[in-house]
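Colleague: have a look at this prediction, sequence included:
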Amino acid sequence: MVRSFLKNHRHTILLFIFTIGFISFCWILKNLYFIHEMELAPHKKLLLLSSIGLGLLIGGLLVSGKSKIKVSLAFLFYVLVSFLLYADVLYERYYDSILHIELLSQANQVGDVKEAIATLVYRTDFWYWIDIAFVAIALIYFYKKKNTDKTYLGTAAVFLSGMALILISAFYPLKETFSDQYKVALTGILPAHIHDLSNTMLNKAEAKENALQNEVKMKELRTYLKENQLYQKSSPFYGKFKGKNVIMIQAESLNTFPIGLEVSGAEVTPNINKLIETSHYYPNTYLQIGHGNTSDAEFVANNSIYPMTERGVYKQYPTNEYLSLAKILKGEGYSTSATHGNTPDFWNRQLAYPEQGFQAFYHINHSKLKQDEIIGLGISDESIFKQMVQLYKKEEKPFYSFLVTLTNHRPFEMPKEYQYLNLPDSFTDTPTGNYLQSARYFDQALGTFIDLLKVENIWDDTIFVVYGDHYGPLPKDTGEMKKLIDVSFDEKTRFNVPLIIHHPEQETGEIHEIVGSQMDIYPTLTSLLGIDRPLIQFGKPLDMKRNGYVGFAYETTRYSFYSDDYDYVASHDGIFSSGRCIDNETKKPVSVNACQKGYNKILKDTEISSFLLENNLLTKTFPQQ
């Protein structure tokens with residue numbers, strides 16, 4: 001009977017095998033190209049297994065009869081998974097991660113940043129889509145040549161076989177400790193997403209089960225966190241500026257490399273250079289963002305906690321109770337405000353800011369702000385700065401003003417009248433040239449802001465902070481930057497953002513070479529202000545003699561870190577001993593054991609941060625407060 005079936009349907013079976021084999025071949029090539037772009041080694045056998053699985057899933061639609069609808073659905077399914085893969089490609093280029101299920105809630109923001117997304121598209125990306133036409137031809141050919149008999153091969157058997165292969169690929173070789181990139185390199189996009197989805201569901205269930213153990217953990221945390229507050233009191237500046245205003249500027253896309261840079265004899269950041277001459281400057285500061293990008297940078301700077309969520313803290317935990325800088329200063333009698341020139345719902349700020357302690361939120365639709373100049377995503381930096389000075393004059397003192405700038409945002413295309421740099425022709429219409437022009441605009445706006453603060457007698461009563469939120473150029477710009485401005489834009493340079501803190505009435509600048517991060521801004525400020533109460537801060541003041549440190553939960557392989565002594569490059573397999581430890585004096589690899597202490601710190605701090613955020617325990621850690 002079987003022999004008779006194979007003989008009678010030999011043509012259809014061979015046609016089916018060819019079609020599914022071709023689809024599987026196209027899919028594995030796309031995955032291999034993505035893995036090559038991530039500079040990882042693929043596991044070809046596992047990739048082949050999951051690719052055949054996808055082919056069989058599509059095959060389940062093809063074998064149940066001769067139907068245009070089912071062939072169309074098979075093609076649509078292949079287009080959708082191709083779109084998922086390409087979305088992962090774009091997301092990985094910016095966030096060093098693949099998309100996660102929680103990010104679906106942010107799909108409504110794509111339109112707001114479409115120009116920025118366009119800069120992530122490479123000319124060579126047609127390789128991710130060239131197969132679509134050939135798959136369509138293969139499916140059409142199968143449809144025309146296939147017989148009408150609906151019993152061939154068994155629809156359920158084909159479909160379940162494909163599902164089984166993909167599930168085996170997702171759960172047999174993959175582990176939760178593996179990085180996103182490593183999961184893709186082992187088994188491909190689909191198993192990586194399935195594994196991630198299952199982990200998300202399991203982690204939520206475990207969080208509920210572990211709630212009874214919270215109080216035991218809290219007792220341990222109180223001791224751990226109180227030590228940091230006692231440490232702050234040994235700062236030479238502790239309490240010296242108690243009661244002073246605080247203005248903190250988070251500069252969009254500002255890297256450290258433009259500072260002090262000259263092109264054709266012109267300074268890219270003349271006003272920042274001048275500010276550094278009379279301020280405390282921390283050139284070895286690094287980003288600390290998560291998948292919330294700019295919003296996570298401001299969260300970390302104001303909370304000194306790791307942004308442990310796949311959606312961004314403002315999206316995942318907007319209404320948690322926090323012990324942020326604004327909330328603490330509000331308790332100290334400060335008036336507090338946040339300013340951002342975009343719409344209030346962008347990155348959920350209108351919901352998140354009240355719990356961050358901001359009494360006022362100035363945005364593009366606020367009655368006290370004029371939409372007198374729009375550049376890119378919102379009100380221009382210069383307009384925002386000028387309008388805020390007028391508001392400060394009426395502000396109850398002391399005040400804390402947190403400003404998120406916007407104009408220096410990807411794709412960094414400035415109006416002609418604001419292109420202050422006279423760049424050589426070789427910079428014209430290049431990502432590097434556009435970025436430098438945009439950074440120069442921010443510098444000019446900042447200089448105007450400082451001048452106005454001085455005119456209104458606000459400057460000398462204010463702690464003035466400027467820091468970058470994340471990198472501007474992308475890894476793809478590395479070669480161009482090396483050629484045009486001789487900057488080696490490796491990962492450490494890319495993560496390097498400036499931090500400048502000007503003390504009231506300071507006239508002489510100081511450069512602090514200590515390695516730090518956005519995590520250290522909040523404790524540095526509470527030390528300057530002499531805040532004497534238990535706080536939850538994983539950073540430390542930057543003006544003290546200690547071993548500098550920054551650990552990473554996102555943007556690079558998790559649990560990597562930089563420090564004054566050693567840099568640790570974590571392995572994608574999540575095993576400590578598989579990582580590399582680099583001596584920062586010799587720039588050579590040393591025994592991985594030298595990095596054990598730093599690794600333990602990032603491991604512990606990220607676990608605590610997750611625990612506190614997931615269970616909304618930040619204000620419950622020190623209940624007596």
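Modeller: Great, that's in hand.

Colleague: secondary structure class of residue 160, three-state.
Modeller: helix (DSSP: H, G, I helix; E, B strand; the rest coil).

Colleague: and the pLDDT at it?
Modeller: On the pLDDT scale, residue 160 is placed at 87.

Colleague: quick check: residue 328 vs residue 552, distance?
Modeller: In this view, residue 328 and residue 552 are 26 Å apart by CB to CB, to the nearest Å. Placement of C-beta: from N, CA and C, glycine included.

Colleague: then residue 227?
Modeller: 23 Å.

Colleague: who does the helix or strand where residue 250 lies pair with, and is each partner parallel or antiparallel?
Modeller: According to DSSP states H and E, residue 250 maps onto strand 245-251. Here strand 245-251 has these sheet partners by DSSP bridges: strand 399-404 (parallel), strand 462-468 (parallel).

Colleague: what sits up against that strand?
Modeller: Contacts to strand 245-251, defined as CB atoms under 8 Å, 6 or more residues apart in numbering, come from residues 294, 297-298, 301, 325, 329, 334, 397-405, 408, 442, 446, 453, 458, 461-469, 498, 521, 525, 529.

Colleague: now the buried members of the residues you listed.
Modeller: 294, 297-298, 301, 325, 329, 334, 398-405, 408, 442, 446, 453, 458, 462-469, 498, 521, 525, 529 (16 or more other CB atoms under 10 Å).

Colleague: and the very next helix or strand once past the strand holding residue 250, how far from the chain's centre?
Modeller: Next helix or strand after strand 245-251 toward the C-terminus (DSSP H and E): strand 262-263. Remark: strand 262-263 is offset 29 Å from the chain centroid, using CA atoms, centre = their mean, to the nearest Å.

Colleague: what mean pLDDT does the helix or strand that strand 262-263 is followed by get?
Modeller: Moving toward the C-terminus from strand 262-263, the next helix or strand (DSSP H and E) is strand 266-267. Averaged over strand 266-267, pLDDT sits at 96.

Colleague: sheet-wise, list the partners of strand 266-267 with their directions.
Modeller: Counting by DSSP bridges, strand 266-267 is paired with strand 262-263 (antiparallel).

Colleague: straight-line length of stretch 34-43, end to end?
Modeller: 13 Å (CA to CA, to the nearest Å).

Colleague: look up how far residue 583 lies from residue 163.
Modeller: In terms of CB to CB, residue 163 sits 49 Å off from residue 583.

Colleague: and if you look at residue 139?
Modeller: Counting by CB to CB, the gap from residue 139 to residue 583 is 57 Å.

Colleague: more crowded one of these two?
Modeller: residue 139 (22 against 15; other CB atoms under 10 Å).

Colleague: residue 62 is in contact with the more buried one, correct?
Modeller: Yes: look at residue 139 against residue 62 with CB atoms under 8 Å: they come within range, at 7.5 Å.

Colleague: overlap in contacts of those two?
Modeller: 19, 71, 74.

Colleague: make TSV out of those residues and add pLDDT.
Modeller: Below are the shared contacts of residue 139 and residue 62 laid out as TSV (pLDDT from 0 to 100):
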residue	pLDDT
19	84
71	85
74	88
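
Colleague: of these, which is the most crowded?
Modeller: residue 19 (24 neighbours).

Colleague: so what's the gap between the helix or strand encompassing it and the chain middle?
Modeller: Assigned by DSSP H and E, residue 19 belongs to helix 10-37. Helix 10-37 sits 34 Å away from the centroid of its parent chain (CA atoms, centre = their mean).

Colleague: can you list the buried residues in it?
Modeller: Neighbour counts over helix 10-37 (16+ other CB under 10 Å) mark 12, 15-16, 19-20, 22-24, 26-32, 34-35, 37 as buried.

Colleague: stretch 272-281 now?
Modeller: Within stretch 272-281, the residues that count as buried by 16+ other CB under 10 Å are 272, 273, 275, 276, 278, 279, 280, 281.

Colleague: do the same with stretch 319-331
Modeller: For stretch 319-331, by 16+ other CB under 10 Å, it's 320, 322, 323, 324, 325, 326, 327, 328, 329, 330.

Colleague: I'd say the second one and residue 355 touch.
Modeller: Meaning residue 322. Yes: with contact defined as CB under 8 Å, residue 322 reaches residue 355; the gap is 5.7 Å.

Colleague: residues touching residue 77, list them.
Modeller: Contact analysis of residue 77 by CB under 8 Å, 6+ apart lists 57, 58, 61.

Colleague: may I ask which of the residues you listed has the most neighbours?
Modeller: residue 58 (26 neighbours).

Colleague: Three-state assignment for that one, please.
Modeller: Here residue 58 takes the helix state, with states given by three-state DSSP.

Colleague: what secondary structure does the closest residue to it other than its chain neighbours sit in?
Modeller: Setting aside the residues directly before and after it, residue 58 is nearest to residue 74 in space (CB to CB, 6 or more residues apart in numbering), at 4.8 Å. Following three-state DSSP, we place residue 74 in the helix state.

Colleague: and the gap between residue 74 and residue 158?
Modeller: 12 Å.

Colleague: okay, and the common contacts of the two?
Modeller: Joint contacts of residue 74 and residue 158 (CB under 8 Å, 6+ apart) do not exist.

Colleague: between residue 227 and residue 552, tell me which one has more neighbours.
Modeller: Set side by side, residue 227 and residue 552 show more neighbours around residue 552, with 25 against 9, by other CB under 10 Å.

Colleague: so who does that one touch?
Modeller: Contact analysis of residue 552 by CB under 8 Å, 6+ apart lists 288, 558, 559, 560, 561, 602.

Colleague: other SSEs contacting the host helix or strand of residue 327?
Modeller: Assigned by DSSP H and E, residue 327 falls within helix 325-331. On a contact count with 3 or more CB pairs under 8 Å, 6 or more residues apart in numbering; DSSP states H and E, helix 325-331 meets helix 294-303, strand 335-340, strand 399-404, helix 521-528.

Colleague: out of these, which gets nearest to residue 368?
Modeller: strand 335-340 (10.2 Å; CB to CB).

Colleague: related to what we said a few turns ago, now the helix holding residue 327, how far from the chain's geometric center?
Modeller: Distance, centroid of helix 325-331 to centroid of chain: 26 Å (CA atoms, centre = their mean).

Colleague: contacts for that helix, please.
Modeller: By CB under 8 Å, 6+ apart, helix 325-331 touches 246, 301-303, 336, 338, 356-359, 400, 402, 522, 525-526, 529, 531, 533, 535.

Colleague: switch the cut-off to 7 Å
Modeller: 246, 302, 336, 356-359, 400, 402, 522, 525, 531, 535 (CB atoms under 7 Å, 6 or more residues apart in numbering).

Colleague: in the stretch 451-600 of the chain, which spans are helices?
Modeller: 478-485, 491-495, 521-528, 596-614 (DSSP state H, counting those that start in this stretch).

Colleague: which of the ones you listed sits closest to residue 381?
Modeller: helix 521-528 (20.0 Å).

Colleague: so what does the closest one touch, helix or strand wise?
Modeller: helix 214-232, helix 294-303, strand 462-468 (3 or more CB pairs under 7 Å, 6 or more residues apart in numbering; DSSP states H and E).

Colleague: go through the ones you listed and name the closest to residue 122.
Modeller: helix 294-303 (23.3 Å).

Colleague: low-confidence stretches in the stretch 301-450 of the chain?
Modeller: Of all residues in the stretch 301-450 of the chain, none has pLDDT under 70.

Colleague: tell me which of the strands paired with strand 245-251 lies nearest to residue 576.
Modeller: strand 462-468 (30.2 Å).

Colleague: ok, residues contacting the closest one?
Modeller: Applying CB under 7 Å, 6+ apart, the set of residues contacting strand 462-468 is 241, 244-251, 254-255, 285, 301, 446, 453, 497-504, 518, 521, 525, 528.

Colleague: then stretch 403-422?
Modeller: Here stretch 403-422 has contacts from 115-116, 118-119, 249-254, 263-264, 266, 268, 294, 298, 339-342, 375-378, 380-381, 384, 388, 434-442, 444, 472, using CB under 7 Å, 6+ apart.
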